[in-house]
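J.: Model the structure of this input:
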Amino acid sequence: MEETSTGVETNNKTVPGGILNLGSDEGKQVGQQNRAGIRLETKEIIDTLQCRLSAQTAGVITAYLTDDSGTVIERQTVATLKGGDTFEFEAALKAGKSYRILCDAQGYDYSRGRTTASYPLESDSLVVTHGIYNGSGAPSNTYRYCIDQIRTSNTAAEKGAAIDLATDDETQSWNGLNKQSGVRIETTASIDGLICRLSENTTGLTTAYLTTDSGDVLERQTIATLEAGNSFTFDTSLAPAEAYWIICDARGDDYIRGRAEVTYPVRA
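T.: Got it, this is the predicted structure:
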């Protein structure tokens, strides 16, 4: 059963920028053992999440970033932190996806700070849809737990416009899949550089290329150590009203390419 609320509700207006305040603790619940926190949905690609422990949260040992099913994507040790301290998740988040930020003491008792909240709580980059008050993901539509502020970072957006080319819905892999693949872009303004992210089902690549529309290589980057979701950068400046290619390969070896159906053109 969902918890009931009393007290003053937090403001649920959309706030600009990369900082979302989730309300100051009105109290704390001692003797907790289950994971507790919040659920969020992303409006854009997010490179990092900086989270702040709420003032009356104490004794937590680990913080988790999970997908919406509860599968852990990243964990951070927060045992030395106290209320008001921050920690950061470095895993890149996709646009239009749901995630959870949860804390616990790995089976020991801890105190979780909480406040009443009028959901959804929104910033330009994300929406917090509800609180989570036990390990199975049980939602609270009236309370916020453990985390009282989220600061987001989107390097691509800070440098310029970000284009989301959709999440992979399949992989392509067969003997002889070793030619270059990627996308063609056209610039509408001068661009100082490009930050590109490998799609989730793409593996085995070694090199990424930025080329002219005729195929002349302007810059190449070694990406053999990168995994799906990791980013790489081209530093070459691009002229306005020109066409370029961003392509990848495994230098003659086979690789697996993720792909998604896209309605072109995609604009930023």
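J.: Okay, now the unreliable bits of the stretch 51-200 of the chain?
T.: For the stretch 51-200 of the chain, applying pLDDT under 70 flags the ranges 154-161.
J.: all helices in it, in order from the N-terminus.
T.: In the stretch 51-200 of the chain, the segments counted as helices under DSSP state H, counting those that start in this stretch are 155-159.
J.: List the buried residues for stretch 104-112?
T.: Buried positions in stretch 104-112, judged by neighbour count with 16 or more other C-beta atoms under 10 Å: 104-105, 110-112. (Glycine included, C-beta is placed from N, CA and C.)
J.: how about those in CSV, adding distance to residue 144?
T.: What follows is the buried residues of stretch 104-112, written out as CSV (distance: C-beta to C-beta, whole Å):
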residue, distance to residue 144
104, 16
105, 19
110, 16
111, 15
112, 10
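J.: can you tell me which two in the residues you listed are farthest apart?
T.: Across the buried residues of stretch 104-112, the longest distance by C-beta to C-beta is 11.9 Å; it joins 104 and 111.
J.: thought residue 32 was touching residue 108?
T.: No - here residue 32 lies out of contact with residue 108, judged by C-beta atoms under 8 Å, at a distance of 9.7 Å.
J.: Dead centre of the protein: give me the residue that sits there.
T.: Per C-alpha atoms, centre = their mean, the C-alpha nearest to the average position across the chain is that of residue 93, at 1.9 Å.
J.: Can you tell me who it pairs with across the strands?
T.: Using DSSP bridges, the bridge partners assigned to residue 93 are residue 46.
J.: before we move on, what about residue 220?
T.: According to DSSP bridges, the residues that bridge with residue 220 are residue 209.
J.: show me the contacts for it.
T.: Residue 220 makes contact with 207-210 under the criterion C-beta atoms under 8 Å, 6 or more residues apart in numbering.
J.: how close does it sit to residue 196?
T.: Taking C-beta to C-beta, to the nearest Å as the measure, residue 220 falls 13 Å from residue 196.
J.: Quickly list what's touching both of these two.
T.: Common contact partners of residue 220 and residue 196 (C-beta under 8 Å, 6+ apart): residue 208.
J.: Mark which of the contacts of residue 220 are buried, thanks.
T.: Burial by neighbour count, 16+ other C-beta under 10 Å: within those this picks out 208-210.
J.: Reformat the residues you listed into JSON lines and put distance to residue 70 next to each item.
T.: Listed next are these as JSON lines, based on distance: C-beta to C-beta, whole Å:
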{"residue": "208", "distance to residue 70": "34"}
{"residue": "209", "distance to residue 70": "39"}
{"residue": "210", "distance to residue 70": "39"}
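J.: Check these against residue 118 and report the nearest one.
T.: Checking the buried ones among the contacts of residue 220 against residue 118 with C-beta to C-beta, the nearest one is residue 208 at 44.9 Å.
J.: so that closest one touches residue 232, yeah?
T.: Yes - the pair residue 208 / residue 232 is scored as a contact, 5.8 Å apart, by C-beta under 8 Å.
J.: what residues do these two have in common as contacts?
T.: 196, 221, 223.
J.: So what's the residue count around the last one?
T.: This means residue 223. Neighbours of residue 223 under the rule other C-beta atoms under 10 Å: 19.
J.: Could you double-check that it lies in contact with residue 198?
T.: Yes - counting by C-beta under 8 Å, residue 223 touches residue 198, with 7.2 Å between them.
J.: What residues of stretch 220-240 count as buried?
T.: 223, 226, 228, 232, 234, 238.
J.: check contacts around the fifth one.
T.: Which is residue 234. Shown in contact with residue 234 (C-beta under 8 Å, 6+ apart): 193-194, 196, 208, 210, 218-219, 221, 246.
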